[in-house]
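With the sequence up front, the predicted model follows.
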Amino acid sequence: MLAHHLTAAGLPEAPVPLWQSAGELAVKRMALTDAISQLTRGLELVTTLPRSSERDTRELGLRTVLGTAWVALKGWAAREVWTSLHPALALAKSLGRNDALLPTLYGLSRFVLSEGRVAEALPWDEEMLDTAKATGDADLLIMGHMSACSDYFWLGNLIKTLEHYNRVVTLYDAEKHRHLVDSLNHDPKTVVGVFSSIVTWMLGYPDRAVRLNDEQDAHAHRRAHPFDFGFALARGADVFDLRCEPYQLRKRAEECAQLGRDNSLPVLWAFMAPACYGVALIREGKAAEGVATLKACLAVWDASGGKVWSPYAKAVVAEGMAMLGDIDAALQLIDEQIAQVERPGWEERLCYAETLRLKGWMLSLKGDLEGAARSYLAALDWARQQQAKSWELRTSTSLAKLWQSQGKRREAYDLLAPVYNWFTEGFDTKDLKDAKALLEQLA
């Protein structure tokens, strides 16, 4: 109220810190539209002031909070995130404000990642970690490792993902790092916990993945930050997608959507929750409904500038389309995702093996068994590079079925048996049940 009166009185300098304080309080309440309006008013006023270190300091403070507000309202890839934070980075460096480098570097790195330029996000992580070591900034250090964990996750480097996960867990202190979620929308332990649970499934430990997922859910619930908890629910749901458990996907989607509606967070209710729900429908065999739902939430994501995660999501859409008999269009969509994955600087290879396997499956539906085998072998090669035993098992089962249909029973058995016998848990999951049933046929 005071900022309004001072602004109306034509006093450009006095209301600026009040607009910033009002905006910061609104962000903490997740009153994002109010926060953006208040911070923007402050920014409009500060740009009318003559250049000085004090004026630049005010602008820097407004921009860093504004970036956080835009992420929560429109997502990490929103153009407003870049336009808010990129000028803030130059200000922070010119002012020697190392403390302001955390929200700016972190926000910009997540923008680059979310645009799909996964490999290009790594230098931002390196800058965070190098600056943290040079300045002794503990917050920048833990968030640098968190960002690196995220980027290596999307790159499909599972071992590096876990290395940075372990660094975050070692550094993390619940009280010392409590404030980070308020200024960045994410708690570092929540985020790396989500990624570690998914990676653990890929490495071949389906039951351990669920235990890790339960632990990060409990942690995010205790933190009680709506955006952070919603992210944990939606992204953590991937574990249950990978385990082929659509009921759990639905349950988490509903909780995430309600959380988003209750807190006016469209990123949760319009994008992340429907993404889970759409995948669940396809896993349940309701392909038409699932494809429509996934396409709708992908349209929201695309409109925001988001490209990361799209290769896998669109591969699932293509899977649903193939289930409906539209195989040619499904193959075209799959090839578009492969092109995005292979684009220099982008390189989102987290689920590349599964995308190639799905292409093989679609080619087999068209009767192109030679092309199907090539795709399956390419998927196997990438899964083995990742050390992703679960992807290797799923692809080996698909290729073994193909070879079985061609009378190559011995080759099929010799391919699948060693992979299946490697596993020590998860025998109640669909992938392991399917592999066991096929081995019994081949024996």
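Structure received. None of the values given here were measured: they were computed from a predicted structure.

Could you point out which residue ranges in the stretch 1-150 of the chain have low pLDDT?
3, 5-6, 8-12 (pLDDT under 70).

For it, which segments count as helices?
2-8, 16-28, 32-46, 53-74, 79-95, 101-114, 118-135, 138-155 (DSSP state H, counting those that start in this stretch).

For the fourth one, enumerate the helices and strands it packs against.
Packed against helix 53-74 by the contact rule (3 or more CB pairs under 8 Å, 6 or more residues apart in numbering; DSSP states H and E) you find helix 16-28, helix 32-46, helix 79-95, helix 101-114, helix 180-184. All C-beta spots, glycine's among them, are computed from the backbone N, C-alpha and C.

Which residues outside the first one are in contact with it?
Contact with helix 16-28 is made by 2-3, 6-7, 32, 34-36, 38-39, 41-42, 45-46, 49, 58, 61-62, 65-66, 68-69, 72, 182, as judged by CB atoms under 8 Å, 6 or more residues apart in numbering.

The fourth one too?
The set of residues that contact helix 101-114 without belonging to it, under CB under 8 Å, 6+ apart, is 63-65, 67-68, 71, 75-77, 81-82, 84-86, 88-89, 92-93, 120-121, 124-125, 127-128, 131, 137, 139-140, 143, 147, 150-151, 154, 183-184, 305-308.

Let's see that with 7 Å instead.
64, 67-68, 71, 75-77, 81-82, 85-86, 88-89, 92, 120-121, 124-125, 127-128, 131, 139-140, 143, 147, 150-151, 154, 183-184, 306, 308 (CB atoms under 7 Å, 6 or more residues apart in numbering).

Switch the helices of the stretch 1-150 of the chain over to a markdown table; also include distance to residue 364 and mean neighbour count.
Formatted as a markdown table, the helices of the stretch 1-150 of the chain follow (distance: least, CB to CB, whole Å; neighbours: other CB atoms under 10 Å):
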| stretch | distance to residue 364 | mean neighbour count |
| --- | --- | --- |
| helix 2-8 | 65 | 15 |
| helix 16-28 | 51 | 21 |
| helix 32-46 | 48 | 21 |
| helix 53-74 | 41 | 23 |
| helix 79-95 | 42 | 19 |
| helix 101-114 | 34 | 25 |
| helix 118-135 | 30 | 18 |
| helix 138-155 | 29 | 25 |
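
Dump these into CSV; add distance to residue 257 as well.
CSV is the format used below for the helices of the stretch 1-150 of the chain (distance: least, CB to CB, whole Å):
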stretch, distance to residue 257
helix 2-8, 35
helix 16-28, 22
helix 32-46, 17
helix 53-74, 16
helix 79-95, 23
helix 101-114, 21
helix 118-135, 27
helix 138-155, 23
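
Of all those, which one is nearest residue 403?
Closest to residue 403 of these, according to CB to CB: helix 138-155, at 31.3 Å.

Can you give me the buried ones in the helix or strand following that closest one?
Later in the chain than helix 138-155, the nearest helix or strand by DSSP states H and E is helix 158-171. Using 16 or more other CB atoms under 10 Å as the test for burial, helix 158-171 gives 158, 160-162, 164-165, 167-168, 171.
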